[in-house]
Each structure stands twice: as C-alpha cells, then as structure tokens.
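A.B. asks: make a model of this:
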Amino acid sequence: MKILTRRDFLKYSATYSSGAMIPHAIWPAALSGISQFALGATPLNSRSQSTHPLIVVFQRGGADGLGILSPLDDPDFIAARPPEMRHKKNGAALEVAGTPFYWHPEAELLGQLFTGQDLSAWLAVGISKDTRSHFEAQELIESGLAKIVTRKWRDQQGVSKNQDRYLGNDLIFAGSNSLPQAFLGLSGAMAVRDLQSGMPIAGGTSTVDSLKAMLQFDLGNPATQQIKSALTNIDFVNQALGGSSKKIEAYQTAGLAPYPSSDPGVGLRSVARLIAAKVNLPFAWVDQDGWDTHEGQPWRLNGLLRNLGQALTAFSQDMKARNQPYTLVVLTEFGRRLRSNQSNGTDHGHGSLALLMGSHIQGGRVEGIWPGLKASQLNHGADLAVTTQIDAVIRTLV
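C.D. replies: Numbering: from 1, shown residues only. Alright, predicted model coming up:
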C-alpha cells in the first residue's frame, strides 16, 4: 500500500487549495474503491428520508433503440438490416401510429415491466446537435441535466437564482466507477460502484484514522478542510449503512428479484441501499457501459439487455416493497444507424429510445412521435430522426 507522507500531503494540498477535485493519486490505496469524490466544504449530517430521488441509468456508447424496441414489419427496417440483425418477434406488438413494435427477446423483463404498467418507452429521443462524438454528446447531455436538476433543488429550497451549483447536506451519488460530468462540482457528490460492504476502505478504519491525524498539520489550507469533510462524509455513509465498529452486513433487497452482479445492477443496488438507509439522496446516476456495438451487435445486445432488465426489475420490486417514491430514466447519448454495417453491427446514429420507470410514471405507454424510416424521414437520409429532446424528457420528469 502506498503511504502518504506529510510532505506528500502538504505538496498536494498546496497545489489543489483552489477547491478543485482532489485527484485520485493523492489518496492512499486504502481508499482506492472510491473512484471519485467531489469534496464539499460542509460534511453531511442529515438522515431524513429522501422524498423522491431522480435516478439516471446511462447507456454509455450509444444504444441502438431500433434494436431494443423494433419495427420488425416495417419494409424500410427489413431492407436496411439482414435477417441476422433482426430479432424474432417476442410477445404482442405495441402499435404506434400504425407501426407495430416488438421488444427484443432478451428484453423480455423490460416487456414484463411495460405490460405490468411499471415502465414506459419514449421513441425517437436524442439531442438537437448533429454529432457522432461520444464525448461531445455525453457532455451536452450531462451539462444540460446538471442545470435542470440543480435548478429543481434550488427552487424547492428557495435558494437565490444566482446560486447555480448544488449546496446542502444531501448526498449526490453515482453507483459507477467514476463521477459523471453531470455531478462535477456538486457538494457532497461521490462515485462508488458497490456499497455491498459499505464504503470500500482497504486496510480498515485505522488507515483513515491515520490520515485524519495527518490532516491536523495543515488546518489553514482550504484543501485540508475539504479532505477532512470528505473523510467525515465517508464515516457518515458507513454509519448510515449500519456500521461503526461492526462489520457492515450485505444489503438485502425487499423485493423478490435479486440484483444481478453486473452493471447496472450493482450500481442500482448501491442506490437502493442508500435510499433504504434514509440518506438524503435527491439525485443518483448509474452507468451501463458496452453499448458501442460496431460489430457483433446481436450477441452483445443479448447480455446488455438481459442485465438491464434484471436490474430494473430488481429495483422496481425493491422500491415497491419499501413504498419508496422515485423516478428513473434510462438514457443514451445517441442511437445507431438504421442500416447495419459489414460487421453485424451498427455505426453512430442520431435518435434512440428512452425508458421511464417510477412511482409516478404511468407505465405501459409509448410516448413520443414516431418519425418513420423512409429516406425522406431519416436524419441525413441515414439515421432515426429526433422528435423529442432529452432535456424535454428530463423536464417532464422533474
């Protein structure tokens, strides 16, 4: 384990005294499980029940909405994709403006949530900018979402309109390996993929205690105070999860369906654990990587959709059993091309599919306007057009 000396600490704290994110390199290996921590000046100290968290599940890579909920009878869809790129019909068709849609066979659990009126689909969702860059599209979505959700919190709390960033005692949590851009700069934001054993502190609390003692050498430095607040927040989360000197027990869902040991199930289980612990959690984010299906899309979609369906089913049942209100939206940065490529995959496109789930969501509905797949209806004659902007979806939810 790397030992952080007093000299190292003073060097880093002087460099980062401006209040920026403290880089992962300065943390001892004991805290390596905490991918990123946005350090705020105020430690968390509240444990009242979250009233209604907004949760984003982000399909990083550009999910092929046309492959998840497919217009299998559409002649333009048939002409654009060979048989191996078109799945078999699974269950009854969903009729939208005279066009029948079918869930992918491995999205059977999504179909069951839809039929049970726990989930809705929103067609042709995306961003207005015509970009095929993952980085640019994700940045546009996350920065826009950050403005919407922080404004919602600001309005609810009566904070001045001049205050654009989040302040307070709430935890802003990402059940992922890194902090999304949407949460950067928000006080009290952290990213920890798996909270099954509490906050991952290798070597136990003694290492953290040693680091706290070292911090006493440089109390006048703003970075010192931020790191102290971060360590206090780690203690707060572990206390909320039932740990003091005792070992934190593994989380047990209140529903019947178990959380899968894959993404996004692990992250959603961490979110559920914090909600069950009555931590103030207004916003949460969970990533599911792997949706950049340039090749081998049929078999890759199988696993991605199976994991997504299992995770959403487990979370839905868990929250229902706990009588916990929430809103969850599944988004991606852009869709895929209508026409498949030579590698049994699809390249970067434009419009895609969003999924909505929650205690106040009217499930079993297909939202949005279907633009059609004729050449004259496509974006640049190649991609599904966007008829609903992502920020409009988020504003509707919040």
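A.B. asks: is it true that H104 touches G91?
C.D. replies: No: H104 lies out of contact with G91 (C-beta atoms under 8 Å); the separation is 10.5 Å. For glycine as for every other residue, the C-beta is placed from the backbone atoms N, C-alpha and C.
A.B. asks: the more surrounded of those two?
C.D. replies: H104 (23 against 14; other C-beta atoms under 10 Å).
A.B. asks: report pLDDT for that one.
C.D. replies: H104 is assigned a pLDDT of 98 by the prediction.
A.B. asks: dump the residue contacts of it.
C.D. replies: Going by C-beta atoms under 8 Å, 6 or more residues apart in numbering, H104 touches G67, I68, L69, S70, H87, N90, L301, L305.
A.B. asks: dump those residues to TSV, plus secondary structure, pLDDT and distance to W285.
C.D. replies: Below are those laid out as TSV (DSSP: H, G, I helix; E, B strand; the rest coil; pLDDT from 0 to 100; distance: C-beta to C-beta, whole Å):
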residue	secondary structure	pLDDT	distance to W285
G67	helix	98	24
I68	helix	98	21
L69	strand	98	23
S70	strand	98	28
H87	coil	96	29
N90	coil	87	30
L301	helix	98	23
L305	helix	98	20
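A.B. asks: out of the residues you listed, who's nearest Q196?
C.D. replies: L305 (24.0 Å; C-beta to C-beta).
A.B. asks: wait, isn't the closest one in contact with E106?
C.D. replies: Yes: assessed by C-beta under 8 Å, L305 is found in contact with E106 at 4.2 Å.
A.B. asks: which parts of the chain are strands?
C.D. replies: Listed in chain order, the strands of the chain (DSSP state E) span 36-37, 54-59, 69-70, 94-96, 99-103, 119-126, 172-174, 189-191, 283-288, 327-332, 352-358, 366-367, 388-389.
A.B. asks: which of those strands sits closest to R81?
C.D. replies: Closest to R81 of the strands of the chain, according to C-beta to C-beta: strand 69-70, at 9.0 Å.
A.B. asks: in its sheet, what does that closest one sit against?
C.D. replies: Counting by DSSP bridges, the strands paired with strand 69-70 are strand 99-103 (antiparallel).
A.B. asks: contact partners of the partner strand?
C.D. replies: 68-74, 87, 89-91, 93-95, 110-111, 114, 366, 370, 372.
A.B. asks: return a PyMOL selection command for the buried portion of the residues you listed.
C.D. replies: Buried residues within the contacts of strand 99-103, by 16 or more other C-beta atoms under 10 Å, are selected in PyMOL with:
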select buried, resi 68+69+70+71+72+74+87+90+94+110+111+114+366+370+372
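A.B. asks: then stretch 313-327 to CSV, C-alphas only?
C.D. replies: Extracted in CSV, the C-alpha atoms of stretch 313-327 (Å, rounded to 0.1, in the frame of the first residue of the first chain):
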residue,chain,number,x,y,z
THR,A,313,-36.9,-5.5,-12.3
ALA,A,314,-35.0,-5.8,-9.0
PHE,A,315,-35.0,-2.1,-8.4
SER,A,316,-38.7,-1.7,-9.2
GLN,A,317,-39.7,-4.6,-6.8
ASP,A,318,-37.4,-3.3,-4.1
MET,A,319,-38.8,0.3,-4.2
LYS,A,320,-42.4,-1.0,-4.3
ALA,A,321,-41.9,-3.2,-1.3
ARG,A,322,-40.4,-0.3,0.6
ASN,A,323,-43.2,2.0,-0.5
GLN,A,324,-40.5,4.4,-1.7
PRO,A,325,-41.3,7.0,-4.4
TYR,A,326,-38.7,7.6,-7.1
THR,A,327,-38.3,8.4,-10.8
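A.B. asks: related to what we said a few turns ago, can you put the strands of the chain in JSON lines and add distance to T224?
C.D. replies: Listed next are the strands of the chain as JSON lines, based on distance: least, C-beta to C-beta, whole Å:
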{"stretch": "strand 36-37", "distance to T224": "15"}
{"stretch": "strand 54-59", "distance to T224": "33"}
{"stretch": "strand 69-70", "distance to T224": "52"}
{"stretch": "strand 94-96", "distance to T224": "57"}
{"stretch": "strand 99-103", "distance to T224": "53"}
{"stretch": "strand 119-126", "distance to T224": "44"}
{"stretch": "strand 172-174", "distance to T224": "22"}
{"stretch": "strand 189-191", "distance to T224": "19"}
{"stretch": "strand 283-288", "distance to T224": "28"}
{"stretch": "strand 327-332", "distance to T224": "38"}
{"stretch": "strand 352-358", "distance to T224": "41"}
{"stretch": "strand 366-367", "distance to T224": "49"}
{"stretch": "strand 388-389", "distance to T224": "43"}
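A.B. asks: out of those strands, which is the most enclosed?
C.D. replies: strand 172-174 (a mean of 28; mean count of other C-beta atoms under 10 Å).
A.B. asks: report pLDDT for D8.
C.D. replies: Note on D8: pLDDT of 49.
A.B. asks: likewise for I26?
C.D. replies: 37.
A.B. asks: I201 now?
C.D. replies: 66.
A.B. asks: what's the answer for G158, then?
C.D. replies: G158 is given a pLDDT of 52.
A.B. asks: again, but for T131
C.D. replies: On the pLDDT scale, T131 gets 95.
A.B. asks: how about the helices of the stretch 201-350 of the chain, start to end?
C.D. replies: According to DSSP state H, counting those that start in this stretch, the stretch 201-350 of the chain carries its helices in the segments 205-215, 222-240, 265-276, 297-321.
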